[in-house]
Structures are given as C-alpha cells and as structure tokens.
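*Asks:* return atomic coordinates for the entry below.
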Amino acid sequence: MTSSNDSNSLAIRRKQASLIANTGRKIGYSIFFLSLIIFAIGFTVEFNNLVAKTLTVLLIVGSIVLAPSILLHYAVRGAEREEKEQN
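*Replies:* Predicted coordinates for the structure are as follows:
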C-alpha cells in the first residue's frame with residue numbers, strides 16, 4: 001500500500017517538476033527572443049544606452065530563468081528513463 005502511494009506521489013512531483021521546467025523554458029526562450037527583437041530594432045534605428053541596458057537586463061534575466069529550467073528538464077527526463085529501465 002505504501003509503495004503505491006510513494007510511486008503516486010513521486011509521479012505527481014515529477015509531473016509538477018516537468019511543468020515547472022517546461023514553463024521556465026518557454027519563458028526563458030521568450031525573453032531571449034524578445035532581446036533579439038530589441039537588438040534588431042536598436043541596430044536598425046538607433047543603438048543607445050536604453051537599448052543596451054534593456055538587452056543586458058533581458059539577457060541576465062533570461063539566463064537566470066532558462067538555465068535551471070533546462071537542468072530540471074534533463075533531470076526529469078533522466079528520472080523517467082531510469083524508472084522505465086528498472087521496470
């Protein structure tokens with residue numbers, strides 16, 4: 001009885017971690033895409049201090065969001081693969 005509860009809670013936590021990882025990856029990649037658009041606009045119109053500061057902030061925030069999300073994604077995939085191999 002406890003092993004089924006443990007496996008159910010583990011599956012629920014893994015699904016939550018997968019959802020967090022996917023959401024973080026979408027947000028992170030969207031931030032990088034936004035920074036690319038702002039760079040293109042700044043490059044074509046005028047590349048001033050505001051554009052440079054905005055790009056810097058977006059790249060830092062994007063990295064802070066994206067890096068842990070990618071690691072969590074690979075951790076969830078590895079755990080799922082290991083569980084399939086054990087069963």
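*Asks:* how close does Phe39 get to Leu50?
*Replies:* Distance from Phe39 to Leu50, counting by CB to CB, to the nearest Å: 13 Å. For the C-beta atoms, the positions are set from N, CA and C on the backbone; glycine is no exception.
*Asks:* more crowded one of those two?
*Replies:* Phe39 (17 against 11; other CB atoms under 10 Å).
*Asks:* pLDDT value on the spatially closest residue to that one that is not a sequence neighbour, please?
*Replies:* Leaving out its chain neighbours, the residue that sits closest to Phe39 by CB to CB, 6 or more residues apart in numbering is Leu55, at 6.0 Å. Here the pLDDT value assigned to Leu55 is 96.
*Asks:* what helix or strand is Leu55 on?
*Replies:* In this assignment (DSSP states H and E), Leu55 forms part of helix 49-86.
*Asks:* again with Ser30
*Replies:* helix 2-44.
*Asks:* and that helix, how far from the chain's centre?
*Replies:* Relative to the chain's own centre, helix 2-44 is displaced by 4 Å; criterion: CA atoms, centre = their mean, to the nearest Å.
*Asks:* output the contacting helices and strands for that helix.
*Replies:* Helices and strands touching helix 2-44, by 3 or more CB pairs under 8 Å, 6 or more residues apart in numbering; DSSP states H and E, are helix 49-86.
*Asks:* list the buried residues in the helix it packs on.
*Replies:* In terms of neighbour count (16 or more other CB atoms under 10 Å), helix 49-86 has its buried residues at Val51, Leu55, Leu58, Gly62, Val65, Leu66, Ser69, Leu72, His73, Val76.
*Asks:* tell me where the model's unsure across this structure.
*Replies:* Applying pLDDT under 70 to the chain flags the ranges 1-4.
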